[in-house]
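Student: A structural model of the following input is requested.
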Amino acid sequence: MLQILKYSIFLFLMFFIGCSQESKHAQLADEISYSLITDISKKYPMHYYCASGQLMTNVNTMSVDVGIVKLCNVEEARKLVVNYAEEYLYRINHNEKIRPYLTKYPFTYKEIDLLFGFFDKDQKRPDPNYVVMVSLLNGDLYYYKKNPSSPRHDFIHKEPYEEALKIANQGNLE
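Tutor: Prediction:
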């Protein structure tokens, strides 16, 4: 019985101590993600934010989730997400400290997730004429609008990131 108690205490302490300190690679990932969030907040009033990723032993993915005060149609939302995705990838791939921890180098749009929630100036969800949320997930962009009769959002459109990048860059060339 005493052996089981000692073993249980040992496991508890290992779990508690092992999970209480953030690893170096997770700290580096957070620094990169929060620097992007800071830059977004300088341009748009922010309602919420979060940074995360698959960071257990190495950096498999990194993600940023923000809610900003801005009204966007699909084209504007696309351009916003593509621009910040490219900036995020630049920051990740040009950070030499995190590079040894990346499971894939260079990181691509398939290893990052971005989610932008949009709010009006009263920090309420915009009406259905605007995009309420856009996400880059597993290499695809997903667009949603508000459903006035439900707390759920209505799906508008899905497109591969490569296509969104091409469309967004066409707008930059004109």
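Student: Would you mind measuring from the residue nearest the centre of the chain to residue 148?
Tutor: Closest to where the C-alpha atoms of the chain average out (CA atoms, centre = their mean) is residue 64, at 2.3 Å. Remark: distance between residue 64 and residue 148 (CB to CB, to the nearest Å) = 28 Å. For every residue, glycine as well, the C-beta is placed using N, CA and C.
Student: need the strands for this protein, in chain order.
Tutor: 46-54, 61-69, 112-119, 131-137, 140-146, 153-160 (DSSP state E).
Student: Out of those, flag the one nearest residue 90.
Tutor: Checking the strands of the chain against residue 90 by CB to CB gives strand 112-119 as the closest, at 11.2 Å.
Student: helices or strands up against the closest one?
Tutor: strand 46-54, strand 61-69, helix 74-93, strand 131-137 (3 or more CB pairs under 8 Å, 6 or more residues apart in numbering; DSSP states H and E).
Student: correct me, but the residue nearest to the centre of the chain touches residue 35?
Tutor: No. In this structure, residue 64 is not within contact of residue 35 by CB atoms under 8 Å, at 10.2 Å.
Student: returning to that earlier point: export the strands of the chain to a markdown table and tack on mean pLDDT and distance to residue 90?
Tutor: Converted to a markdown table, the strands of the chain look like this (pLDDT from 0 to 100; distance: least, CB to CB, whole Å):
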| stretch | mean pLDDT | distance to residue 90 |
| --- | --- | --- |
| strand 46-54 | 84 | 17 |
| strand 61-69 | 94 | 13 |
| strand 112-119 | 95 | 11 |
| strand 131-137 | 95 | 15 |
| strand 140-146 | 96 | 19 |
| strand 153-160 | 94 | 20 |
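Student: from memory residue 83 sits against residue 168, does it?
Tutor: Yes. Judged on CB under 8 Å, residue 83 makes contact with residue 168 at a distance of 7.3 Å.
Student: more neighbours, these two?
Tutor: residue 168 (18 against 13; other CB atoms under 10 Å).
Student: Contact partners for residue 147?
Tutor: Contacts were defined as CB atoms under 8 Å, 6 or more residues apart in numbering; by that measure residue 147 touches 128, 153, 154.
Student: In JSON lines, list those residues along with neighbour count.
Tutor: Converted to JSON lines, the contacts of residue 147 look like this (neighbours: other CB atoms under 10 Å):
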{"residue": "128", "neighbour count": "14"}
{"residue": "153", "neighbour count": "18"}
{"residue": "154", "neighbour count": "13"}
